[in-house]
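S.K.: What shape does this take:
(chains A, B, C and D)
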Protein chains: 2
Amino acid sequence: MHRETPAQTVLYTLEKAIKGYRRLCQQNIDQVMDNLTVDQGLALMVLSKHPALSQQELAELVFKDKASITRIIELLVQKSLLARAERSTDRRKSVLRLTDRGRQTLVQLSATIQLNQQTALQGLSEDELTQFDVTLRKIIANCTSPRP
Amino acid sequence: MHRETPAQTVLYTLEKAIKGYRRLCQQNIDQVMDNLTVDQGLALMVLSKHPALSQQELAELVFKDKASITRIIELLVQKSLLARAERSTDRRKSVLRLTDRGRQTLVQLSATIQLNQQTALQGLSEDELTQFDVTLRKIIANCTSPRP
DNA sequence: ATAGCATGGTTGATATATCAACTACATTTG
DNA sequence: CAAATGTAGTTGATATATCAACCATGCTAT
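M.R.: Alright, predicted model coming up:
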């Protein structure tokens, strides 16, 4: 029985970490909110920080496909947390705005969002986080630009 | 315009890294194989390394839900890459075995699997990888055990 | 101005994630 | 042994990811 090197397994570990984090987030959200997913919450949060985004712009900020964003937004609109309108200057684009209920939802959620981050990153020093971030960015760059 | 600290964004970055890696993997697989997903390829690989696994055991090894595994396996069986049989000692469990086509597929895939890893981790020293792995495991632990 | 191209968003198809309910079988326990 | 409980896998519902086709609108170039 030999131990495998990180190189052979980090990418599994990465996957496991993300899944664990998403599960944690969803569990914590469920405790304060009915019927809201992590991605929906994230979309709300980003939209409140950057008002009047188009769907395309939102998609880029949260690393999602435009098709996924269309569906996430559709659900938020159905729940009256979000209002979608045509942009007057370009009728292809939409303008996304939180409704009052959406803003209220975010207020109820804000503590949870912080808790999620803090829980996940508990016990990690600033240096460790910085180094972690650096490595992640290298991986992203490696995966993005095609190899020679 | 102020720069945000890693603590506020690493978890986004983590998500972005995983997505980039999965996209890279799928693109590379597509170049040597028709109609096979990353997860299907992963399942094949793990099954070939650990023969005669049950679905439950496979699920644990690849961090997937048993429902997801059921469906992934179903697709592999449909494509005749995998054979599923009842276990004689416990008829609830199945025995999963690669078919000849499945083994052949893996042979065609093995270079790609290596390439994916190498590409993603290009330029990362062993120390850096080790540290990265340590941090990931901390995050996993934080997300797994409920907070006090 | 119009033809061609580009862009924002929607939709359909398929794969996966997650939860819950369910079936079939196995184990435990009284 | 029968009842209760536990486990492996399946299935349904819903959300998301991805790709491709498509529509409507806007832009560019001749």
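
S.K.: the strands in chain A, which residues?
M.R.: Taking DSSP state E as the criterion, chain A contains strands spanning A:82-86, A:94-98.

S.K.: List the contacts of the closest residue to A:Thr112 other than its chain neighbours.
M.R.: Nearest non-adjacent residue to A:Thr112, counting by Cβ to Cβ, 6 or more residues apart in numbering or on different chains: A:Asn28, 4.9 Å away. C-beta here means a position set from N, CA and C on the backbone, and glycine is covered the same way. Remark: with contacts taken as Cβ atoms under 8 Å, 6 or more residues apart in numbering or on different chains, A:Asn28 is in contact with A:Thr112, A:Leu115, A:Asn116, A:Thr119.

S.K.: thinking again about what came up before, would you tell me which one of the strands of chain A is buried the most?
M.R.: Among the strands of chain A, ranked by average contacts under mean count of other Cβ atoms under 10 Å in any protein chain shown, first place goes to strand A:94-98 (a mean of 20).

S.K.: is that one up against DNA strand D anywhere?
M.R.: No: contact between strand A:94-98 and DNA strand D, assessed by Cβ under 7 Å from any atom of the strand, is absent, since the two come no nearer than 11.6 Å.

S.K.: and A:Glu143, what does it touch?
M.R.: No Glu there; residue A:143 is Cys. For A:Cys143, the contacting residues are B:Ala17, B:Gly20, B:Tyr21, B:Arg23, B:Leu24, B:Thr119, B:Ala120, taking Cβ under 8 Å, 6+ apart as the criterion.

S.K.: Distance check, it against A:Asp34.
M.R.: Spatial separation of A:Cys143 from A:Asp34 under the definition Cβ to Cβ, to the nearest Å is 37 Å.

S.K.: As TSV, the contacts of A:Asn28 with neighbour count would be great.
M.R.: Written out in TSV, the entries for the contacts of A:Asn28 read as follows (neighbours: other Cβ atoms under 10 Å in any protein chain shown):
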residue	neighbour count
A:Thr112	18
A:Leu115	16
A:Asn116	23
A:Thr119	18
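
S.K.: Format those residues as a markdown table; extra columns: pLDDT.
M.R.: A markdown table is the format used below for the contacts of A:Asn28 (pLDDT from 0 to 100):
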| residue | pLDDT |
| --- | --- |
| A:Thr112 | 96 |
| A:Leu115 | 95 |
| A:Asn116 | 95 |
| A:Thr119 | 96 |
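
S.K.: Also near DNA strand D: which of these, exactly?
M.R.: With Cβ under 7 Å from any atom of the strand as the criterion, the subset of these in contact with DNA strand D is empty.

S.K.: tell me the centre residue of chain A?
M.R.: Averaging the C-alpha coordinates of chain A gives a centre point, and the residue nearest to it by Cα atoms, centre = their mean is A:Leu42 (4.7 Å).

S.K.: Nearest residue to that one in space, ignoring adjacent ones along the chain?
M.R.: Leaving out its chain neighbours, the residue that sits closest to A:Leu42 by Cβ to Cβ, 6+ apart is A:Val62, at 5.7 Å.

S.K.: State the mean pLDDT of the longest helix anywhere in chain A.
M.R.: For chain A, the helix that runs over the most residues, judged by DSSP state H, is helix A:6-32. Per-residue pLDDT over helix A:6-32 has a mean of 92.

S.K.: list the contacts for the residue lying closest to A:Gln108 once chain neighbours are set aside?
M.R.: Closest residue to A:Gln108 in three dimensions, ignoring its sequence neighbours and counting by Cβ to Cβ, 6+ apart: A:Val32, at 5.7 Å. Contacts here follow Cβ under 8 Å, 6+ apart; on that basis A:Val32 touches A:Gln108, A:Leu109, A:Ala111, A:Thr112.
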